[in-house]
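# I'd like to go over a predicted model; first the sequence, then the structure.
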Amino acid sequence: MSEHRVEHATRSSQVGVALIAVTLIALALAPFWGDRQTLRLLAEVYAFVALASLWNLLAGYAGLVSVGQQAFVGLGGYLLFALVIMFDVHPVLAIFIAGPVAAIIAIPVAALTFRLRGAYFAIGTWVVAEVFRLLASQVSVLGGGSGISLPAAAVIAMAPTRQAREFAIYWLALALAVIVLVAIVVLLRSRHGLALTAIRDNETAAQSNGIGVVRIKYIVYVLVAFGTAMIGALIFLQKLRISPDTAFSVNDWTAFVIFITVIGGIGRIEGPIIGTIIFFVMRQTLSDLGSMYLLIMGAVAIVVMLWAPKGVWGLIVERYGWQALPLQRRLVLKDKSRPDA
Amino acid sequence: MASILSLENISKRFGAVVVADGIDLALDQGEALGIIGPNGAGKTTLFGMATGTVTPDAGRIVYDGADITRLAPERRCRLGLARSFQIPQPFSGMTVFENVVVAAAFGAGESERAVYDRCADLLDRCGLIDKANKRAGGLTLLDRKRLELARALATKPRVLLLDEVAGGLTEHECGTLVELIKTVRAGGVSIIWIEHVVHALLAVVDRLAVLHGGKIIASGDPHTVIRSPQVEEIYMGIAADA
Ligand SMILES: Nc1ncnc2c1ncn2[C@@H]1O[C@H](COP(=O)(O)OP(=O)(O)OP(=O)(O)O)[C@@H](O)[C@H]1O
Ligand SMILES: [Mg+2]
């Protein structure tokens, strides 16, 4: 029998979970209240929430600042197209095959890039992504350098009508984002998550307290590749067309993702969600301005990095100590009154 | 008596600065050894080499009969070699309690749930129980030092390396700390303690070693060593420099 109790939830996390649940229900019902445009936009939002959350796990927690995650977005997309076109696999099934295959490929990639430190690691990951892009452009069955569309038969196999297809993809995108987020929460609440949070805060101390830092980084890298490839497969299933330049775009799948994570708050699970909302609000309101909008986003990024280096959520945590998800372990003493917040 | 930890002919330099020049130092099982020496003598670096965060240029480190010179820091910790950091290294985004849970779960290799009570007890003994749920990053320097000690103890060490844990404490707090370290020692833990607060050190250690110029220039009975001409010379030297 244990003397003391340990709680994960705080009042803010109870509010947070309730809000998230309500929001999820509303979002799940979006096909009944939103038009096609809205559904497409929301599906894109979900993909970015997932990509940014995965990058946050990699860079924010494990300290692996990769600028080459487009390697796995593109790999996932190409795996989907390869499975559908060459092996006649159902597109939805192909998403779930793309994840583990990418994870297996990530093992030797990690072995290679982990030899590099700091900025060299970042450059190394980018080089890997470029190599992937060049390899993809050599595969003529998949359209070579100019790309290829998903065969009509496979598209129709998903759902007979266009509307049913759009609904299916929408729910799939929502489900995948939820799966990725739940997986990250489960990971962070586990023993490995305890180690990962310690690594986030102080690698030297983590090592000196018995944590096998390299091993955990390795595991995280492979898991993140798994998730990133699944999201990549989903993105290109929605687009119905793939080409090496769109699939391995450093701009779309890394620069925006880093922007989102940094703005929202790196090293906090809530950060990427907040960041994605800010990113899309800016994109929707400023897109008329053409290339000005990229300049404004750059300016916002610089301001946030200077004035709130831990991002919007980091500010909130320091001010109010909130957590939207029950991740903390709070000690509740049996006999004495509860230690202060 | 058999040595539990020994540094054998250890050398280390940072550029032109020689911090260890063929050092031999052995800690007996159950012993409490104090180390003093002027600022920058290389005391902290010695702990770094013992625990694996600093690689020696030459020499061997033997722990419990095995050569651990090339062993990763986390493996050394799990074998029972724990340290506190002179400049506290808290997991600043985690709570004080979580900090100690990390050390207990990974350093001692136990399941997370199994360590909760032990961690609460440790926080109580180290005077941190009221701050258990506070973010470690928000602690004062003094509390950060307490956390260093709590975390090191949470790993269930067989050898405990303490690096200046008494600085800045009041007389009363210092007395409490000395009692705590004595209790730990009575539990069979061997200790090396680097400390500038000499009276606290003398209340605990069986032997005192003096590190200067990359060498152990004196080692033996604490009261004899502290009054030796070499020590006098070094510390007078510092006083003259300052
Ligand atoms: N990583 C490093 N790189 C370069 N020089 C270092 C490094 N670590 C320590 N030094 C230098 O080595 C010397 C010994 O440092 P160390 O911290 O071991 O001394 P110390 O005896 O613990 O001093 P103090 O009493 O001030 O804590 C100092 O001159 C320090 O500047
Ligand atoms: Mg020192």
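Yes, it's here. Numbers count the residues shown, from 1 in each chain, chains lettered A, B, ... in the order given. Ligands and ions are numbered 1, 2, ... in the order given.
# helices or strands up against whichever strand or helix holds A:Leu51?
Element membership for A:Leu51, per DSSP states H and E: helix A:36-55. Helices and strands touching helix A:36-55, as assessed by 3 or more CB pairs under 8 Å, 6 or more residues apart in numbering or on different chains; DSSP states H and E, comprise helix A:30-33, helix A:162-189, helix A:213-239, helix A:256-264, helix A:271-286. (Each C-beta comes from the backbone N, C-alpha and C, glycine too.)
# what's the most buried one of these?
Ranked by mean neighbour count, these are led by helix A:256-264 with a mean of 25 (mean count of other CB atoms under 10 Å in any protein chain shown).
# now do the same contact list for the residue in the stretch 101-250 of chain A positioned nearest to ligand 1.
Using CB to the nearest ligand atom, A:Thr204 is the residue of the stretch 101-250 of chain A that sits closest to ligand 1, at 11.3 Å. Residues near A:Thr204 by CB atoms under 8 Å, 6 or more residues apart in numbering or on different chains: B:Thr53, B:Gln89.
# helix, strand or coil: sort out it for me.
Using DSSP: H, G, I helix; E, B strand; the rest coil, the structure places A:Thr204 in helix.
# could you measure it against ligand 2, distance?
Distance, A:Thr204 to ligand 2, by CB to the ion, to the nearest Å: 15 Å.
# alpha carbons of the longest helix seen in chain B, in CSV - could you do that?
The residue-count maximum for a helix in chain B (DSSP state H) belongs to helix B:171-186. Backbone C-alpha positions of helix B:171-186 (Å, rounded to 0.1, in the frame of the first residue of the first chain) are rendered in CSV as follows:
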residue,chain,number,x,y,z
GLU,B,171,24.7,27.5,10.7
HIS,B,172,21.5,25.6,11.5
GLU,B,173,20.9,24.4,8.0
CYS,B,174,24.6,23.3,7.8
GLY,B,175,24.1,21.2,10.9
THR,B,176,21.1,19.5,9.4
LEU,B,177,23.0,18.8,6.2
VAL,B,178,25.9,17.3,8.2
GLU,B,179,23.4,15.1,10.1
LEU,B,180,21.8,14.0,6.8
ILE,B,181,25.2,13.1,5.2
LYS,B,182,26.2,11.2,8.4
THR,B,183,23.0,9.2,8.2
VAL,B,184,23.6,8.4,4.5
ARG,B,185,27.1,7.3,5.4
ALA,B,186,25.8,5.1,8.3
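# now the helix or strand following the helix holding A:Leu51 - C-alpha only, CSV.
Following helix A:36-55 in sequence order, the next helix or strand is helix A:70-87 (DSSP H and E). Output of helix A:70-87 as CSV, limited to C-alpha atoms (Å, rounded to 0.1, in the frame of the first residue of the first chain):
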residue,chain,number,x,y,z
GLN,A,70,10.2,16.3,-45.4
ALA,A,71,12.1,13.1,-46.1
PHE,A,72,9.5,11.1,-44.2
VAL,A,73,6.5,13.2,-45.4
GLY,A,74,7.6,12.5,-49.0
LEU,A,75,8.5,8.9,-48.3
GLY,A,76,5.0,8.3,-46.8
GLY,A,77,3.4,9.9,-49.8
TYR,A,78,5.4,7.9,-52.3
LEU,A,79,4.9,4.6,-50.4
LEU,A,80,1.2,5.2,-50.6
PHE,A,81,1.3,5.8,-54.4
ALA,A,82,3.7,2.8,-54.9
LEU,A,83,1.5,0.5,-52.8
VAL,A,84,-1.7,1.6,-54.7
ILE,A,85,-0.2,1.7,-58.2
MET,A,86,2.2,-1.2,-58.1
PHE,A,87,0.5,-3.6,-55.6
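# average pLDDT for helix A:70-87?
When pLDDT is averaged along helix A:70-87, the result is 96.
# now stretch B:81-99
The pLDDT scores in stretch B:81-99 average 95.
# how about stretch A:207-214?
The pLDDT scores in stretch A:207-214 average 95.
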